[in-house]
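Q: build me a model from this:
(one chain, ligands or ions: 1)
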Amino acid sequence: MTERDVYLDFAATSWPKPTPVLTAIQAWYQDVGVSASRGDSMRSQEVAAGVQDTRRRLARMCAMPPHRIAFTSGATDALNLALRGLLRPGDRVVTTATEHSSVVRPLTELRDPLGLDVRIIPCDASGSLDPADFERALAERPTRLVALSHASNVTGAVQDAAEIGRLARNHGALLLLDASQTAGARPIAVGADLVVASAHKALLGPPGLGFLAAAMDVDPAPTRFGGTGSSTALDRHPRDWPTAFEAGTPNTPAILGLGAALAWSESGEREALDETAARVVRELRGALEQLGSVRVVACPAGSPLPIVSFTHDALDAAEVGVLLDEAGIICRTGFHCAPWIHDAIGTASGGTVRLSAGPWVAEDAPQRVVEALAP
Ligand SMILES: Cc1ncc(COP(=O)(O)O)c(C=O)c1O
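A: Numbers count the residues shown, from 1 in each chain. Below you'll find the model as predicted:
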């Protein structure tokens, strides 16, 4: 990146990070070096307090007890833990056309061995889902789990997760909410039974970290076993939360960095920056719509995330990506690890060019994109 580069790939991973995140990570590498719950040193106990602080902040965000937050290596890891830990032979799963590969692929792996009945709810041309479709699907036959992406990473459509959760509960199904795109950007305490997210998107933390949160009465079977730093004389992995899901040495610097990101986000500095990002993407959308050569994917109703996807009449998405890259604009092209959504939004032939913004986005991004695409 140079000073003149424009970063518009926030939906893949947020950048830049708030300064306190860098400070916390560097301080761990430089001055600390130990993990929580590994050894009894004062230093280890101080780290444990920092890790617990991050857990508490995430718990508040999810409206779950702190000990029901397990750190994972990312949303993908957490989704695998939830799906593998919950689903049993013959279960029915209701999921959606908007899902990320981190739901699609574990479900595909589990479908045949477990004989799962997977029902996929379609979305409209903006990637929005209609709760009435869930009501119909749930009424068809008993369902174990609804796996729902809170927001589409392709179109920015934010789904009515509270209503879908209510319908799931009425039909005796659990709601697994993939809040990877919304955690940090929208309220995620919407009554889901399980919530997962990555640290490195709108939570503004580092990559290589995520979490699995589960309500008190929801207990996936652990599927990874190993050292936990506790009960070390026992052969059997402890079954208490969160240890049951935290096998192996944790990513302590990332957890402390995420804690710093959450503290910074709660400090009030963030709101105006998020509003700027939303305005920049609205302007980008408007500017793209003025260009004769591109088709902008429909904007979902309500309050979408700051994401705009488009296709070009003469160039494929990858070629547009090269043009933008040459102009110093960092974006993402293709199917965005969301294989099922593209039929509905009319982009099955090559995917989209996705521009997504977050705090500190360059305010001249719309002009820069238009200049790069102008014939
Ligand atoms: C909606 C959604 N779910 C899950 C993931 C997976 O996140 P990670 O790769 O950090 O595990 C992503 C990341 O792109 C995403 O956008």
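
Q: my impression was that Arg88 belongs to a helix - is that right?
A: No. Counting by DSSP: H, G, I helix; E, B strand; the rest coil, Arg88 falls outside a helix, being coil.

Q: and it, what does it touch?
A: In this structure, Arg88 makes contact with Leu114, Arg144, judged by C-beta atoms under 8 Å, 6 or more residues apart in numbering. Glycine gets a C-beta too; all of them are placed from N, C-alpha and C.

Q: what parts of the chain come near the ligand?
A: 74-76, 100, 102, 149, 153, 178, 180-181, 198, 210, 337 (C-beta under 6 Å from any ligand atom).

Q: recalculate using a threshold of 5 Å.
A: Within the chain, the positions lying close to the ligand (C-beta under 5 Å from any ligand atom) are Gly74, Ala75, Thr76, His100, Ser102, Ser149, Asn153, Asp178, Ser180, Gln181, Ser198.

Q: residue most distant from the centroid, the protein?
A: Relative to the centre of the chain, the most outlying C-alpha is that of Ala233, 36.7 Å out, by C-alpha atoms, centre = their mean.

Q: among the residues of the chain next to the ligand, name the ones in strands.
A: Among these, the ones falling in strands (DSSP state E) are Ser149, Asp178, Ser198.

Q: what is the neighbour count of Arg84?
A: Number of residues near Arg84 (other C-beta atoms under 10 Å) recorded here: 17.

Q: my guess is it meets Pro106, correct?
A: Yes. At 6.9 Å, Arg84 and Pro106 qualify as touching, with contact defined as C-beta atoms under 8 Å.

Q: that older thread, with respect to the ligand, which of the ones in strands among the residues of the chain next to the ligand is nearest?
A: The ligand lies nearest to Ser198 out of those, by C-beta to the nearest ligand atom, at 3.4 Å.

Q: residues contacting the closest one?
A: Ser198 sits next to Gly74, Ala75, Thr76, Ser180, Ala183, Pro207, Leu209, Gly210 when contact means C-beta under 8 Å, 6+ apart.

Q: give me the number of residues near Phe351?
A: Heads up, residue 351 is Gly, not Phe. Around Gly351 there are 23 residues (other C-beta under 10 Å).

Q: starting at the chain centroid, how far to stretch 137-145?
A: Distance, stretch centre to chain centre, for stretch 137-145: 25 Å (C-alpha atoms, centre = their mean, to the nearest Å).
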